[in-house]
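Student: sharing a sequence plus its predicted fold:
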Amino acid sequence: MAKRYWLMKSEPGVYSIDDLERDSSTLWDGVRNYKARNNMRSMKVGDEVLYYHSNANPPGVVGIARVCREAYPDPTQFDSRSKYFDGKSTRADPRWWLVDIEFVARLPRLVSLEDVKSDPALADMELVRYGRLSVQAVTREEFARVKRMGGA
DNA sequence: GCCAACGTTGGC
DNA sequence: GCCAACGTTGGC
């Protein structure tokens, strides 16, 4: 299976690229959207990720990460003290899955949402067509282009 | 803080 | 299975 490419969103106030660089890797918990979950379940170790800051000023892609552990159940769904607790999920049949990602690099220049939207070559990105999905697939070409726009 | 564009839930 | 009501995301 060829390497694939993704875009993952995080609010910098919750977990920024700086946090990822400091931690070196993290588990991507708290995703409670089926499409995003399905995307994570199809990820393979080595897949590359555009790291996107949402609810930021300006919002945009700030770095590159890499999948370092394939999908396993999101532990927060079983933790009644977590805000991500899901009483309808069981350990035998977990509803929510996540992957681990590791820090690769920071982009020398931020590629803002506005930059992405105004580039005709990126008009088909899910980020443009359907903004709200927090874990999206991107094509190899889109990934390469955003990376280049970011000065990497 | 507003609100558009979604997704989810649950009554029927 | 429909759909109204409600919740969430995320740009602005």
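Tutor: Noted; the coordinates are in hand.
Student: tell me the buried residues in stretch A:43-62?
Tutor: Buried residues in stretch A:43-62, defined by neighbour count with 16 or more other Cβ atoms under 10 Å: A:43, A:47-53, A:56, A:59-62. C-betas here are computed from N, CA, C, even on glycine.
Student: which among the residues you listed gets closest to A:Asp124?
Tutor: Nearest to A:Asp124 among those: A:Leu50, at 14.9 Å, using Cβ to Cβ.
Student: sec struct for the residue nearest to the closest one when sequence neighbours are not counted, please.
Tutor: Among residues not flanking A:Leu50 along the chain, A:Leu7 sits closest, at 4.3 Å (Cβ to Cβ, 6 or more residues apart in numbering). Three-state call for A:Leu7 (DSSP: H, G, I helix; E, B strand; the rest coil): strand.
Student: quick check: closest non-adjacent residue to A:Leu20.
Tutor: Spatial nearest neighbour of A:Leu20, excluding adjacent residues (Cβ to Cβ, 6+ apart): A:Phe103 at 4.7 Å.
Student: quick one: the one you found and A:Asn57, what's the gap?
Tutor: When distance is defined by Cβ to Cβ, to the nearest Å, A:Phe103 is 23 Å away from A:Asn57.
Student: same deal with A:Tyr84?
Tutor: Between A:Tyr84 and A:Asn57 the computed distance is 26 Å (Cβ to Cβ).
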